[in-house]
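Need coordinates for the below:
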Amino acid sequence: MPTTIVLVRHGETDWNRDNRFQGHADPPLNDAGRAQAQMLARSLGITPAALYSSPLARARETAEIVGEAIGLEAELVDGLSEVDVGSWSGLTRAQVEERFPAGYRRWHEYGHGWDDGETYDELGERVLASLHRIAESHRGQRVLAVTHGGPIRSVLAAAAGVPFAEARRSIHVLANCAVVRFTVENGVFRRTD
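Numbering: from 1, shown residues only. Below you'll find the model as predicted:
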């Protein structure tokens, strides 16, 4: 019997609003992000068996708001964190283009442009391994996991059968508090919405 995993991107931060690379940096939700999380909590329409979250503040706070509404406390999973963008963290696109022009060009060609941090393949492997463990712990159940755009794109890539690095080219940016549903059975992810 498949496990249903409902993935949610965290609410907005000031860095999202300012179009800054966040990666493993830890900016909190802003007021708009808290309002998005509260709206999500009211409209979710499911009672999952468990709630998981990335440990980064923006995801954790979103999960806390949702968890309060559904009566669950989030279990933090490091593997659900955003991709580590290394020295690009906190920078706007214009700042990255000025400081790291070669990397910025690589990033625009849909590779990872930073010279430190993680590759998209490393991100995808980490995220899928974490979600496989969660699915094994909740066979036949529905779980909710609050994470980030990069991890959700990784799962979308796996479900679509495209390489993780290709996900930036073929899968559009997800809105804050976007919800994407998958089933997992025999290690295979399928999108269900």
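
how about the most centrally placed residue in the chain, what does it touch?
Nearest to the mean C-alpha position of the chain, by Cα atoms, centre = their mean, lies His148 at 2.1 Å. His148 makes contact with Arg9, His10, Gln22, Ser54, Leu56, Arg58, Ala59, Leu80, Ser81, Glu82, Val83 under the criterion Cβ atoms under 8 Å, 6 or more residues apart in numbering. Placement of C-beta: from N, CA and C, glycine included.

how about 6 Å then?
By Cβ atoms under 6 Å, 6 or more residues apart in numbering, the contact set of His148 is Glu82.

Gly33 and Leu80, how far apart?
Gly33 sits 17 Å away from Leu80, taking Cβ to Cβ, to the nearest Å as the criterion.

Also Asp193?
Separation of Asp193 from Leu80 (Cβ to Cβ) stands at 19 Å.

Show me which of those two is the more surrounded one.
Legend: neighbour count by other Cβ atoms under 10 Å for Asp193 and Leu80, higher for Leu80 (25 against 7).

ok, the more buried one - contacts?
Ser54, Ser130, Thr147, Pro151.

who wins for most neighbours among these?
Most neighbours among these, by other Cβ under 10 Å: Thr147, with 29 neighbours.

thinking that residue is in contact with Ser54, fair?
Yes. With contacts counted by Cβ atoms under 6 Å, Thr147 reaches Ser54, the gap being 5.0 Å.

who's in contact with the lowest-mean-pLDDT helix or strand in the chain?
Across the helices and strands of the chain, the lowest-confidence element by mean pLDDT, DSSP states H and E is helix 167-170, at a mean of 77. Contacts to helix 167-170, defined as Cβ under 6 Å, 6+ apart, come from residues Tyr110, Arg153, Ala157, Val162.
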